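Visitor: Based on what follows, work out the 3D shape:
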Amino acid sequence: MRLIANYISLLRIFLAIMMLFVRPLSGPFFIIFVACQITDVLDGYAARKTHTTSKLGDNLDSIGDFIMILVLIIVLYPVIKLTIRIIIWVFIIAIIKIISMIVIFIKYKTFEMLHTYGNKFTGFILFAFIISLAFVQSNMIMYIVCTIASISASEELLINLFSSELQINRKSIIGVIKIERKNISSR
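Guide: Presented below is the predicted three-dimensional model:
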C-alpha cells in the first residue's frame, strides 16, 4: 500500500509510451491520454492520503510529466499544423524549462521540477487543448497555450533563481518574495 503512488506514476509512464503505438487523435489515443491525466492527479493524491510522499515519488512524477510531453510532441507534431512562430515559441519554452532544471541541479545537486499553480494550470490548459483537437484545430488556441506555458516556465525559472532553498511544492513566485523578504529582515 505504501508504494501505490509510485505504481500509479509508473502506470502513467507506461500509458504515455503506449500513445506512441496508437493513431493520434483516435479513440484509443484519447482514452490513453485521459487515463494518463487521471493517473497524474491520482499519484499525488494517493501519496498525500497514505502519507507516503517521497523523493522517488516526486522524481517519478516529474519523469512522467517529461515523458508525457515528449510523447505528445512526437505523436501530435505530424498532425497539428503549427506555424514556424509556434514551433519557435515551444522551443523557447523548452529551453526555459531546461535552464530551470539546470539551475536546480547546480544549486541543489538534484533533479526536480516545481509543482506551482502555474505549472498545474498549464497542464490543465494543455489537457483541454489536446481534447479540443478532436473538434477543432486552431492556432489561436496554441497561442493561448504557449502564452500560459511561457508565463509558467518563466515563473518557475525565477523561483529557482531567487529561492534560497528548494521547495518543489512552492505554489508561486509570491511565496519566494515573502520568504526572501523575511530572510533579509531577520539578518
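
Visitor: residues making contact with the strand or helix carrying Tyr7?
Guide: Tyr7 is located in helix 4-18, with elements delineated by DSSP states H and E. The contact list for helix 4-18, computed with CB atoms under 8 Å, 6 or more residues apart in numbering, reads 32, 35-36, 39-40, 42-44, 46-47, 50, 52-54, 56-57, 60-61, 63-64, 67-68, 71. C-beta: built from backbone N, CA, C; applies to glycine.

Visitor: Could you look up the next helix or strand downstream of it?
Guide: Next along the chain after helix 4-18, with elements defined by DSSP H and E, is helix 27-49.

Visitor: what is the mean pLDDT for that next one?
Guide: Averaged across helix 27-49, pLDDT comes to 93.

Visitor: all helices for this structure, in order.
Guide: Using DSSP state H, the helices of the chain run over residues 4-18, 27-49, 55-76, 84-108, 117-132, 139-162, 173-185.

Visitor: most packed of these?
Guide: helix 4-18 (a mean of 19; mean count of other CB atoms under 10 Å).

Visitor: pLDDT at the residue minimising distance to the centre of the chain, what is it?
Guide: The centre of the chain sits closest to Asp65, judged by CA atoms, centre = their mean, with a distance of 5.0 Å. Asp65 is assigned 88 on the pLDDT scale.

Visitor: Got the domain ranges for this protein?
Guide: Following automatic domain parsing, one gets these domains for the chain: 1-79, 81-187.

Visitor: Lowest average pLDDT across these?
Guide: Lowest mean pLDDT within the domains of the chain: domain 81-187, at a mean of 88.

Visitor: and it, how far out from the chain's middle?
Guide: Centroid separation between domain 81-187 and its chain, computed with CA atoms, centre = their mean, to the nearest Å, is 8 Å.

Visitor: can you list contacts of stretch 101-121?
Guide: 44, 58-59, 62, 65-66, 97, 100, 148, 151-152, 155-157, 159-161, 166, 168-172.

Visitor: now do stretch 43-52
Guide: 1-6, 8-9, 12, 53-54, 57, 60-61, 64, 115.
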